[in-house]
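> Sequence first, predicted coordinates after that:
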Amino acid sequence: MFRRTFWFTAGAAAGVWATTKVNRKLRQLTPESLAAQAADKAIETGHKLKDFALDVRAGMVRREAELGGALGLQAPADPELPVQRLYAVEAAEPAATTHRKLPYKSNNRNEDH
């Protein structure tokens, strides 16, 4: 009698455990749950990319300061010398364009209107 009661109880407990496990997994696989998991992963990835970009920027600033110190760019300017202007791009005459331009009104039906 005790043997049957033990196995009946063990079977019922295993059935409840398995049902709970399956229901939990099914809830995780619903479209809403999958969308929420994807959104969470996207936000987490965005934070990691932002942290990486901030680290790169800090490294760039640090290295630029090191190079500026090594090259003497941060040295105090001599007041007798004129102020040196730094240009990002030297002024030069624009090169002649040799490429052809596309017509304003194209017949491409795939472009957005």
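The structure has been received and is ready for your questions.
> which residue packs closest to Leu73, ignoring adjacent ones?
Nearest residue to Leu73, sequence neighbours excluded (CB to CB, 6 or more residues apart in numbering): Leu67, at 7.9 Å. (Each C-beta comes from the backbone N, C-alpha and C, glycine too.)
> host element of the one you found?
Using DSSP states H and E, the element containing Leu67 is helix 31-71.
> Mean confidence (pLDDT) on that helix, please.
On average, the pLDDT along helix 31-71 is 92.
> Mind giving me the packing neighbours of that helix?
helix 2-28 (3 or more CB pairs under 8 Å, 6 or more residues apart in numbering; DSSP states H and E).
> Show me what the helix it packs on is packed up against.
Using 3+ CB pairs under 8 Å, 6+ apart, helix 2-28 is in contact with helix 31-71.
> swap the cut-off to 6 Å and go again
Packed against helix 2-28 by the contact rule (3 or more CB pairs under 6 Å, 6 or more residues apart in numbering; DSSP states H and E) you find no helix or strand.
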